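requesting a structural model of the entry that follows:
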Amino acid sequence: MVSRTNKTIKMKILNLYAGIGGNRKLWGNDHKITAVEFNEKIADKYRQLYPNDNVIVADAHEYLLDHYKEFDFIWTSPPCQSHSTTNYFTQHIRKRPVYPSMKLYEEIIFLDNFYKGKYCVENVVSYYEPLIKPTKIGRHYLWSNFNIPLINQPKDDVGSMEPKYGNKACKKPLEERNAVNSELGLHILQQALGIIIENKVEQNKLF
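Below you'll find the model as predicted:
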C-alpha cells in the first residue's frame with residue numbers, strides 16, 4: 001500500500017479516536033488519512049480543519065477490527081479518562097467507582113499480534129503501573145512496534161504548546177485540551193515513516 005512519488009513516501013494512515021486532530025496537525029497532506037471519531041460535532045470540527053482527510057463517524061474500537069488491514073500506519077488514542085490520575089483522585093467522591101477501560105490493552109495486544117504495518121497507541125500516564133510497558137514522553141504513554149526516541153516536551157504538553165494561566169482553569173474546550181501535542185504527533189509519524197522506508201529498501205534488496 002505504500003507508494004513512492006517524487007521521492008515522497010505516501011502512506012494510508014488510520015487515525016482512530018481522532019478528536020479534532022491535534023496529533024495530525026503537522027502531518028501535511030501527502031498521505032491518505034482516514035480519521036474515525038464517534039462524536040459528530042467533533043468530527044465536523046476535524047473536517048473543517050482537515051478537508052482532505054476521509055472522516056468517518058463510527059466506533060473506533062470496532063472500526064479497527066474491520067479495517068486494520070487497509071492501512072500502512074495506525075495511530076490510536078483510546079479514551080484516557082479512566083486511566084488518568086484524575087480518575088484515581090476523584091474515585092472517593094464518585095457515587096460509583098469507575099473501572100479502567102481495558103480497550104486500551106485490547107488494542108495494543110491486537111495490533112502487536114495481528115497487524116503487519118506500523119502502529120502507535122497513545123494514552124496518558126496512568127495512576128497504576130501499566131500492564132504492558134510503554135515509552136513515556138511528557139504526559140504520554142506510547143506503545144508501538146518501532147522505536148520512538150525520547151524528545152524534550154514541555155510539562156504542559158497536551159494540546160497546543162500554549163501555556164495554561166497559572167492556577168486558573170484552562171478556558172479551552174475539552175476537545176482542545178484532550179488533543180495530543182502536534183509536535184509529538186509529527187515526531188512519531190516521522191519515526192514510523194523512517195522504519196517503513198527502511199523496510200521498503202530491504203525488500204527491494206531481497207527481490
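
use CA for all of it now, contacts and neighbours both
OK.

helix, strand or coil for the closest residue to Asn52 other than its chain neighbours?
Nearest residue to Asn52 in three dimensions, chain neighbours excluded: Asn29, at 7.1 Å (Cα to Cα, 6 or more residues apart in numbering). Of the three states, Asn29 takes coil under DSSP: H, G, I helix; E, B strand; the rest coil.

where does Asn29 land on pLDDT?
On pLDDT, Asn29 comes in at 96.

pull the number of nearby residues for it.
13 (other Cα atoms under 10 Å).

and what of the one 10 residues further on?
The number of residues packed around Asn39, counting by other Cα under 10 Å, is 14.

torsion angles phi and psi at it?
Taking degrees, to the nearest 10, you get phi -80, psi 120 for the backbone angles of Asn39.

by mean pLDDT, point me to the weakest helix or strand of this protein.
Of all helical and strand segments in the chain, the minimum by mean pLDDT, DSSP states H and E falls on helix 174-177, at a mean of 52.

now the strands for the chain?
For the chain, the strands defined by DSSP state E cover 3-5, 8-10, 12-16, 32-37, 54-57, 73-76, 118-124, 135-137, 140-144.

compare the mean pLDDT across those strands and name the weakest.
Note on those: lowest mean pLDDT is at strand 3-5, with a mean of 57.

pLDDT below threshold where in the chain?
1-8, 87-89, 92, 153-178, 199-207 (pLDDT under 70).

let's see that with 50 instead.
Low-confidence segments of the chain, defined by pLDDT under 50: 6, 154-170, 177, 204, 206-207.

if we can go back for a sec, distance of the residue nearest to Asn52 relative to Thr76?
Distance, Asn29 to Thr76, using Cα to Cα, to the nearest Å: 19 Å.
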